[in-house]
Structures are given as structure tokens and as C-alpha cells.
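**Student:** Sequence first, then the predicted structure:
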Amino acid sequence: MEPITRIQSRTVVMPSTNIDTDQIMPARFLTTTTRAGIAKHLFADWRYDRDGNPIADFVLNQPEAIGCQVLVAGRNIGCGSSREHAPWGLYDFGFRAVISSEIADIFKNNSLKNGLLPIVVDETTLEWLLANPGALVTIDLERCTLTLPTGAVVQFPIESFARVCLLNGVDETGYLLSQNDAISQFEKHRA
Amino acid sequence: MPSTLFEKIWAAHQVVPETLDTPAVLYVDLHLTHEVTTPQAFTMLRERGLQVRRPDLTFATMDHSTPTDADQLFGRVPIKLVSAAKQIEQFDKNCKEFGIELLDVMHADRGIVHIIGPELGLTQPGKTIVCGDSHTSTHGAFGALAFGIGTTEVGQVLATQCLLQRKAKSLAVNVEGALPAGVAAKDLILAIIRTLGVSGGTGSVIEYRGSTIRALSMDERMTVCNMSIEAGARAGLVAPDETTFAYLKGRAHAPAGAAWDQAIARWRTLVSDPGAVFDREIHIDATQLKPMITYGTHPGMSVAIDEPIPNLLNDPVFQKSIDYMGLTPGQQMLGQKIDVVFVGSCTNARLSDLRAAAQVMQGRHVAPGVTCLIVPGSQAIKREAEREGLDKIFIAAGAEWRESGCSMCLGMNGDLVPRGAYCVSTSNRNFEGRQGIGSRTLLASPALAAASAIAGCVADPRALNA
């Protein structure tokens, strides 16, 4: 995984609330056994028409979306299915952070494990972001701050261990494996 | 200090306690796996040269992408969906390579992962249970701490039998009073989700408590716990009691003999102590509940069967949802024309659910133009239903009787609701396109679904059963 310290990007805005993982990655694409090329299915049913042509007014099909690393979404993004294919798709598309006022638990967990920052902000900040698509924002993971073009600096919470892993570009599996002795001890104690 | 049930299970599984800097290392007693959310986890194991630490605590089945058509399932004809066939084949290889017991397509005990766990007695009070599937919350009905995880975490559990977890908050949902006649567990959980909202449980483990919950059968408790995730909760729990023990006794993997008595003694301690403090509590009066049905595109958008769809047109999200559904604010759901009925899924495909549907359909016929699919939750349930003659009732009524699996709940296996069609479904999610591109899902109980299949429109099962 690439280390993340700072992200500076324009935002893509999807104001819908409760964007579930079935929208982010419809179930028919889950028969894949790899992660390769998954971005092409991202938001497939909002992004393409019946014939598979891009729907021009969908935000991800607009030229402004190209190269954007920050997705701003209405409250409670990522609800529903635990499919990790949802954050894989967002990451593969180029996103490195998702901002909302609430982010569903499993999606948040899955995102943290894939270099996609789930950033929870207060309703007022979210309202501003929703009202200003394309705003140039800066996310500083060292300081846990989101800086808006107005100069406003917003602190965001992030699980401390996941943050360290993201800053250093290491995954958590190595840490869990290093707990082998404690795990063996626990198993022995219970047996 | 008095503890909640959740705190007791949590404390008993901490390999390394949580600190400010690090989450707890939490031990997993049972890891359930299926074909959809594991392939990339096995790839990770191979890339790192890792083994499965505890194949004896890992069980595998195939349910999501498996056909419900017998000829395809049992290999008499090729599986139509090529990608699904490949995924099934890959899972078979992975389980063999890593020494995991797999209930494959030919196995008599195969079924939906959250249905066979309890059926086989693998699901037990006090266990920590995970699976790469959000409806793992179902197993909480037994007083197990059970929750869905992503594929990276599946890999972590395969390799270490542990997960990194921050302790969740606790939320008590207290339900008191007798459920009125004709009101099902599904109606109760839909009402709870409407009260909590679809993110009301975020960050929390719910404990369902109160006289109503105590009076529920295990099947009903599973329906309630199953949909905890639809309120955003990480897990749902019901403290084990005599109902739980009676269900588990004699099951294949349940303790037997002296071990059974010891287990019962241990399980009896798995209750929230008097005076235990929850981070939040809500109260529901069960006596006021009615059959429920959803009208929108998330499970919180529901009405009682005699209640009109609300008018929230100044809310653009509501507007978008209602447009997608092709419904009108102020409209009654009762009488809304439908095209498909699906009785199935980890929410409502157990024997009692099939009985409820059969009771309504007996001696009646599915309305012209309506397709009705009945998909049992497991092969064992299918056999039992056939022994009782339920299959004959369904077939005589003009419904389709299929092999077990997730089927039309998410349509991964090709069982799909056509574009624009209305489906009364006993499953758990009414998201846009969940049952097929452009599908319009109305979530309800098995009885309501069956009554609607007969009427050809949304119907009140209490009227047909009277």
C-alpha cells in the first residue's frame, strides 16, 4: 500500500443520502475472483444507460470528475452489504477519500484497509461541501484536518491504529500476524 | 460492576485488550465462509505463503451465486451464468487447498450460510462469529456476538483466527407486549428500523430485550437479528434462554452428554446483569404493531399496511426514491399491483416462514401475471417442507419451488426481478436495483408476500387468513 499523508484534490459531490454498497458496486459484478478492472463497474446502474452508454449528466461521467481523489456524499454512505468490492471500486477509480457526515461501519472498516480515507465531518461542513462541488480541499492525515478553500480547518476523527498504518503504507495483517504468541497463549488457556 | 451481554462476550474474547493506540485483538470462535467474499482473501494467503490457522473453526458453503434450478445446481446441465460457475469452482479449489470443510452443491446440508450455521448447531451462545456477509448479525439470535466483515478481514481471520476491533457502543431495544395476531417478526423488525432509522444503530451492538422478544421462537429471533444491519448496527443480540437451548439440543455440532450440561450452565450466565448500563435505549410497544411493508428504497421507508405513503416531497431524496418506485405520496400500499413474489433469503426462508406462506396459499392460486418464487433457506429445510407437503401446496398454487440459496434477494445467480416490476419480497433490502436492474422491491413478511401473490396486489394477510 502507498503511504498517505496529504491529499489535495477537487471534490466530486453525490448529495444522495444512504448511498448503499449495492449502488457503489451492483451484485452482478461480485462474481469476480480478483480485484482487477473493478472501477469500470463503479456505480454502474447510475453511470450507464440500458445500452451501456455513459449517462452524460451523472457526476462521474463529467469531465470535472477526472482526476478527482475526494468523493463527498450525503449522510450514511456505504450502508448495506459488506462487499469490499465497493471501496475497491472507488479506489480503483482514483478516489483516495470519502467525506460524509456519517459513514456505515463495515464500509468504513473496509475503506481503511484499502487506502481510502473515510472522513466523517459535522453536518455544517458537509452542507458546505455539498453546496460547493469541485471545491479544492486538503486532507492532512498527520494532523487529521480537512482544509476548505474558505480557509476553514475541520478536525476529523480516524481510528488511531489504522491512521498509523495508512501514514506508513503498511497493512494491519502484519501486525495481527505478529501477535501469534499471544493468540497461541489465548488458545491454550481456553482449551 | 454489572455488565451487558455484549460486554461479557467481548471480554471473554480479547486476546490483547484495546488501548488508545491499538484496537483489541479479538478471537473468533466460528468463521463462516462462502464463495463471493473470499477469493481475494485466499489470494492474499497464497501471496504471503500463509496457511489457515484453524480450519477446524472455519466452515464453508455455497449460497450466493448458486443456481436454484435443480438441473444446473446438480450439474445435469451447465450453470448458465459462466462467472458464477467459475466462482463456485474456484471456491471448491480454495477449500480443498486450505483444508476447509465445504458443504458443496451436492451436499445434503448445504444452504444459506446464516441458515445452516444455526441448523447444524455451529452457532452457539457466547461465541464470536464472523462471515464476509453483513447478515451475519442473524446468529446474534443465539446470544452470539456475530457480525459481517470485509474480504481483507476474511483473510486476517483465516490467517490468525483474530480481528482488530474497537469496542462498539451498546443499544438496548426493549420490546414489550404480545404481538397482535397476524403480525410477524418481520413486521416487528421493520417497525424497529423505522423507529431507529437506517443509520440509527451505527457504531452499536443492539440487544433486543423485553417480553415480546422472550416470547419469540428461534426462527423469529433470527429474522429480527438478521436485519440489525439495516439499522446500521454492527450486530444484534438476544440473550439465550430455554427457547435457545431447546433449539440447539441434539444438533450435529451442539455439545452432547456431560458437555451439554456444562454448556447450558455457562450459557445461562450470558445475560445482561440487572443494572447494566446501555449507551442508549429505545422502547417499542408491540401491541400497537401491524403488518408492515416498505414503499421506498431503503428498509427504513415502511408503512403499516393500512397507512398511506407519507408526503415528504420537499425532501429531494424522498422524491428520487418515490419516483424510482413509481409510487405516489399519500397512496395506500394496499391494492398496489405487483408482478413478482419472492419468499426466501436469510431473513425469511426457514421452515416456519414457509409454513406461514403455505397456510395462506393452501387451496388458492397465484394471481394471473404474477410470478411467485419460493426458495427454502437450506436443503434440510427443503426436505422437511416436502415431508410436510408444503411443496405440493406451493406448486398447486402455481408457485415455483426451488433449491436453496440466496437467489432473488440479490439476484447474483440470475434469479432476477425484471426492470420496472414490483416484487413483494421477504428479503432484507429494497435498495435500487437490488433484485435486478430497475427492480422495485417491497419488503414484507412471508404471510403478506403470499397473500399478495394470491391477490395480485399488496394484500393484508389477516384478511385472507380470517
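**Tutor:** In hand now; what should we look at?

**Student:** for A:Ile106, what are its contacts?
**Tutor:** A:Gly78, A:Ser82, B:Ser134, B:Gly148, B:Ile149, B:Gly150, B:Ile229, B:Arg234 (C-beta atoms under 8 Å, 6 or more residues apart in numbering or on different chains). For every residue, glycine as well, the C-beta is placed using N, CA and C.

**Student:** which one of the residues you listed is nearest A:Lys188?
**Tutor:** A:Lys188 has its nearest neighbour among the contacts of A:Ile106 in B:Ile149, at 25.2 Å by C-beta to C-beta.

**Student:** Can you check what pLDDT the model gives that closest one?
**Tutor:** If you check B:Ile149, the pLDDT there is 98.

**Student:** for chain A, which strand is longest?
**Tutor:** When chain A is parsed with DSSP state E, its longest strand is strand A:6-14.

**Student:** check contacts around the nearest residue to A:Asn18 once chain neighbours are set aside.
**Tutor:** What sits nearest to A:Asn18 in space, not counting adjacent residues and going by C-beta to C-beta, 6 or more residues apart in numbering or on different chains, is A:Asn76, at 4.8 Å. Taking C-beta under 8 Å, 6+ apart, we find A:Asn76 in contact with A:Thr17, A:Asn18, A:Ile19, A:Ser100, A:Glu102, A:Ile103, A:Ala104, B:Val198, B:Ser199, B:Thr202, B:Gly232.

**Student:** for A:Gln8, same thing?
**Tutor:** A:Leu136, A:Val137, A:Thr138, A:Ile139.

**Student:** and after the longest strand belonging to chain B, which helix or strand comes next?
**Tutor:** In chain B, taking DSSP E as the definition, the longest strand is strand B:169-176. For strand B:169-176, the following helix or strand on the C-terminal side (DSSP states H and E) is helix B:185-196.

**Student:** Going by neighbour count, list what's buried in that next one.
**Tutor:** Buried residues in helix B:185-196, counted by 16 or more other C-beta atoms under 10 Å in any protein chain shown: B:Ala185, B:Lys186, B:Asp187, B:Leu188, B:Ile189, B:Leu190, B:Ala191, B:Ile192, B:Ile193, B:Arg194, B:Leu196.

**Student:** where does the stretch 151-300 of chain B come near chain A, residue by residue?
**Tutor:** Residues of the stretch 151-300 of chain B lying close to chain A by C-beta under 8 Å from any C-beta of the partner chain are B:151-153, B:155-156, B:159-164, B:166, B:198-199, B:202-203, B:229-230, B:232, B:234, B:298.

**Student:** 10 Å instead, please
**Tutor:** B:151-157, B:159-166, B:168, B:197-204, B:229-235, B:296-300 (C-beta under 10 Å from any C-beta of the partner chain).

**Student:** if we can go back for a sec, tell me the confidence at the residue nearest to A:Asn18?
**Tutor:** So A:Asn76 comes in at 98 (pLDDT).

**Student:** A:Ala36 too?
**Tutor:** 87.

**Student:** so the residue nearest to B:Asp187 when sequence neighbours are not counted bridges to which residues?
**Tutor:** Leaving aside its sequence neighbours, B:Asp187 sits nearest to B:Met292 (C-beta to C-beta, 6+ apart; 4.4 Å). Beta bridges link B:Met292 to B:Ala304 when assigned by DSSP bridges.

**Student:** Just the strands from chain A, written as ranges.
**Tutor:** With DSSP E as the criterion, chain A has strands spanning A:6-14, A:70-73, A:97-100, A:117-120, A:136-140, A:145-147, A:153-155.

**Student:** Pipe those strands into CSV and attach mean pLDDT per row.
**Tutor:** Formatted as CSV, those follow (pLDDT from 0 to 100):
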stretch, mean pLDDT
strand A:6-14, 98
strand A:70-73, 98
strand A:97-100, 98
strand A:117-120, 98
strand A:136-140, 98
strand A:145-147, 98
strand A:153-155, 98
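
**Student:** got CSV for the ones you listed, with distance to B:Met1 too?
**Tutor:** Shown next, in CSV, are these (distance: least, C-beta to C-beta, whole Å):
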stretch, distance to B:Met1
strand A:6-14, 43
strand A:70-73, 40
strand A:97-100, 36
strand A:117-120, 31
strand A:136-140, 40
strand A:145-147, 37
strand A:153-155, 32
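
**Student:** A:Thr173 and B:Glu153 touch, don't they?
**Tutor:** Yes - the criterion here is C-beta atoms under 10 Å, and A:Thr173 meets it with B:Glu153 at 9.4 Å.

**Student:** Need the overlap of contacts for the two.
**Tutor:** A:Lys113, B:Leu164 (C-beta atoms under 10 Å, 6 or more residues apart in numbering or on different chains).

**Student:** Who has more neighbours out of the two?
**Tutor:** Using other C-beta atoms under 10 Å in any protein chain shown as the criterion, A:Thr173 and B:Glu153 rank with B:Glu153 on top: 27 against 20.

**Student:** so is that one in a helix, a strand, or just coil?
**Tutor:** Of the three states, B:Glu153 takes helix according to DSSP: H, G, I helix; E, B strand; the rest coil.

**Student:** can you pull the contacts of it?
**Tutor:** By C-beta under 10 Å, 6+ apart, the contact list for B:Glu153 reads A:82, A:84, A:106, A:109-110, A:113, A:172-173, A:176, B:28, B:37, B:41, B:130, B:132, B:163-165.
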